[in-house]
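Asker: Show me how the following folds:
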Amino acid sequence: MTAGSLRLRLFLAGAVSVVVALGISYFGLSFLFERHVERRIAADLAYVLDELVSGLDRDADNNLIVTEGPGDPRFDRPLSGLYWQAAREPHEVIARSRSLWDAELSLPADALSDGALHQHRIAGPGGTSLLVVERRVVLPPRLGGGAVRVVVARNAEDLAEATRTFSADLAPFLALVGLLLIGAFAAQVAIGLAPLKAIRARLSAIGSGKAERLGSTFPDEVQPLAGEIDALLEARDKQLSAARARAADLAHGLKTPLQVLAGGVERLKVKGECEIANDLASVGEAMRRHVERELARARRDAAPTDPAAQIRAVVERVVTVVGRTPKGATLDWAIDIDPGLAARIPPDDLTEVVGNLLENAAQHARERVAITASTTESETMIAIVDDGPGIPPDRVAEALRRGGRLDQGGAGTGLGLAIVSDILEAWGGSLALGPTAPGAMTATVRLPLTRR
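Answerer: Numbering: from 1, shown residues only. So this is what the prediction gives:
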């Protein structure tokens, strides 16, 4: 996936959202846990507080005392973190737990209603922080009247430690949940984008000729896009059909006048007007080449998506025709091609390609022309070798250029090799020219086994 990938963008957005949500959950749950534990501790302290209030009484000397303290042994262990204290207002401590040792709890000077339960955070012995629950009790006359503030406190570090332990246990659990959510989101992105992948595969199939339209099997959100693409493909096919029809009509319309022109050339030659006849023949040949090229294009556009041509049969048919020409009849034609070897190109297009190449070979060869064919794992190759002078490597591009001619003295328009290149390019192939040995010229046709 690249930086411009929609899949990557959605995945990163989902992953960031999951991480942020779990981070907020982590702190939120830790805060809620702390509040919950604090309420539970306060409730336990309030229970002890009620025990202390119910134990207020007078001793034999008529002094206010707490007859029975809480049963938790931590109240008797010095600086244990669990304390209680009873003080007559305003600040007369009358009883306290042994855990306070020689310290006293300093309470805030707030206004308390009778029996109301208050909760504070105060400083405790040794600089500790305490969670305090207190109640103001108005004493009955038998206990001497007045008011007493009864306090129970616990080290707040216990609460912090419980919160830290909970957070430490929560972190790996949330990390696991995060991984599961990110994995689920990745699967959701993959499933959600699957229709786009299917469209890409269908478009590839259309490009390779294995399909014609995207179809209507996509989800409701994607189907309008597929419909628009199919409409564009339909419009394109109509335009191509119209263009092919116009090209074919034009080419066929010119063939008859060209035949008439060829007949006129022959009559001029009979009358001895050879110079004029040769000029007209040259013009007619140029027009014929153009017509053949347009017909080849029309055939190519209308060709099947998976064509096949038997190479040896096509070559033998073309050699038969070229071998009857005055120059071709003087040459030795050698064909070394497996009869079962086929090329992925329509037979008519292969005939056009081989015909142009063999005509050139016959024109320049001295004594012999050899045609071979072979196949590899990825392509089919046809080689035409003649023993003519060949083309210098630095002039191959000029020979392949439309209208390019290296032999300015001969007849022709220089379109033959350009037409061959056009046809091969349409089927993903290529044409290479060059000397293979002194006194030998090779034209190599390459065609892929599958459509590119």
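
Asker: mind giving me the domain split of the protein?
Answerer: 18-162, 212-302, 306-452 (automatic domain parsing).

Asker: Those domains: lowest mean pLDDT?
Answerer: Confidence, taken as mean pLDDT, is least for domain 212-302 of these (a mean of 76).

Asker: on that earlier part again, if you compare the domains of the chain, which one is most tucked away?
Answerer: domain 306-452 (a mean of 17; mean count of other Cβ atoms under 10 Å). Every C-beta, even on glycine, is put in place using the N, C-alpha and C of the backbone.

Asker: residue boundaries of the strands in this protein?
Answerer: Taking DSSP state E as the criterion, the chain contains strands spanning 56-58, 64-66, 82-88, 92-96, 117-123, 129-138, 147-155, 309-310, 332-336, 342-343, 368-375, 379-386, 430-437, 440-448.

Asker: Who are the packing partners of the first one?
Answerer: The reference is to strand 56-58. strand 64-66 (3 or more Cβ pairs under 8 Å, 6 or more residues apart in numbering; DSSP states H and E).

Asker: Report the contact partners of Glu89.
Answerer: Counting by Cβ atoms under 8 Å, 6 or more residues apart in numbering, Glu89 touches Arg136, Gly146, Ala147, Val148, Arg149.

Asker: related to what we said a few turns ago, for the strands of the chain, give me CSV that also has distance to Arg9.
Answerer: CSV is the format used below for the strands of the chain (distance: least, Cβ to Cβ, whole Å):
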stretch, distance to Arg9
strand 56-58, 71
strand 64-66, 69
strand 82-88, 56
strand 92-96, 66
strand 117-123, 48
strand 129-138, 48
strand 147-155, 51
strand 309-310, 48
strand 332-336, 58
strand 342-343, 45
strand 368-375, 45
strand 379-386, 40
strand 430-437, 40
strand 440-448, 36
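
Asker: With respect to Glu34, which of the ones you listed lies nearest?
Answerer: strand 129-138 (11.3 Å; Cβ to Cβ).

Asker: Can you work out which other helices and strands pack against the closest one?
Answerer: Using 3+ Cβ pairs under 8 Å, 6+ apart, strand 129-138 is in contact with helix 6-54, strand 117-123, strand 147-155, helix 156-207.

Asker: Okay, now the sheet partners of the shortest one, with direction.
Answerer: The one in question is strand 117-123. strand 129-138 (antiparallel) (DSSP bridges).

Asker: which residues are contacting the strand it pairs with?
Answerer: In contact with strand 129-138 (Cβ under 8 Å, 6+ apart) are residues 38, 41-42, 45-46, 49, 53, 56, 83, 89, 105, 107, 112-124, 145-157, 159.

Asker: about what we covered before: which stretch among the strands of the chain comes nearest Glu316?
Answerer: Using Cβ to Cβ, the strands of the chain put strand 332-336 closest to Glu316, at 6.5 Å.

Asker: and the closest one, what other elements does it pack with?
Answerer: Using 3+ Cβ pairs under 8 Å, 6+ apart: strand 332-336 touches helix 311-322, strand 368-375.

Asker: For those, give me TSV that also has distance to Gln223.
Answerer: Putting the helices and strands packed on strand 332-336 into TSV (distance: least, Cβ to Cβ, whole Å) gives the following:
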stretch	distance to Gln223
helix 311-322	45
strand 368-375	43
